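Peer 1: can you look at this prediction? I've put the sequence above it.
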Amino acid sequence: MTTKAKKTSTKSKRTRNYATVVYPESAPEDWKEKLTELHVPCLISPLHDKDINPDQTPKKPHIHVMLMFDSVKTVEQVKELLQPIGAVGCEPISSVRGYARYLCHLDNPEKHQYSQLDVQELNGSDYIAVTELTSDRRATGQEIRKFCREYGIVSFSSLIEYADEYREDWIAYLEKSGWLIKEYLKSKAWSIEHGAEVDIKKMLDRQVKAADTDTNK
């Protein structure tokens, strides 16, 4: 394949998901409204104002934007759509989940960690649905149950009210897996009422002692 043919092939490549960057100081004030008017599901990162270059100089504050089209587009088509918002650059995304997680540097601990709560969702996009890993969901469930044990919470409504006020990041989990927490709290309340609670730590200690005894026989 000739160089010219390679360039043509790359140029005409079509895919559904693209990323671009917006510099607030040079973008139109209503760039988000213009983006909304495209009616394309997209995610907008928090303002990246703490990123550092390899030479340790601060990067220019910027915002990452991820667009998820319903049908395939060429880079040229997307660039044309993005012109009104003053976006800089346009690149295809190979992994929707990977790039969505990059909006907050979730998988880059060496970089500044931006809050997931500051990600803006436009036109029906869902950041949690795109980025959540099974391990994340499991860890959130464990955190919630531990919180309930520590503070003696057995009321699902009390938990929801707390999350509404102080832990918005728990809401998505409770909306999808609330049945598990409900059953846990219901069972916990029954155990307390009937004196049937089991001290897990003591139970494990007994098991360890029993195993040591069997080993020494």
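Peer 2: Nice, thanks for sending it over.

Peer 1: quick one, phi/psi of the residue lying closest to residue 93 once chain neighbours are set aside?
Peer 2: Nearest in space to residue 93, with sequence neighbours left out and distances taken as CB to CB, 6 or more residues apart in numbering, is residue 17 at 4.1 Å. C-beta coordinates here come from the backbone N, C-alpha and C atoms, glycine included. Main-chain torsions, residue 17, degrees, to the nearest 10: phi -120, psi 130.

Peer 1: what about residue 55, how many residues nearby?
Peer 2: 5 (other CB atoms under 10 Å).

Peer 1: hang on, it is in a strand, isn't it?
Peer 2: No. Under the criterion used here (DSSP: H, G, I helix; E, B strand; the rest coil), residue 55 is coil, not part of a strand.

Peer 1: any idea where the strands of this protein begin and end?
Peer 2: Here the chain has its strands, by DSSP state E, at 14-22, 42-44, 63-74, 88-92, 120-122.

Peer 1: pick the most deeply packed of the ones you listed.
Peer 2: strand 42-44 (a mean of 23; mean count of other CB atoms under 10 Å).

Peer 1: show the average pLDDT along that strand.
Peer 2: Across strand 42-44, the average pLDDT comes to 97.

Peer 1: then stretch 121-133?
Peer 2: 89.

Peer 1: contacts only, for residue 42.
Peer 2: Residue 42 makes contact with 35, 65-68, 122-123, 125, according to CB atoms under 8 Å, 6 or more residues apart in numbering.

Peer 1: actually residue 103, not the one I typed
Peer 2: Taking CB under 8 Å, 6+ apart, one finds 43, 45-46, 64, 66, 114, 119, 127 in contact with residue 103.
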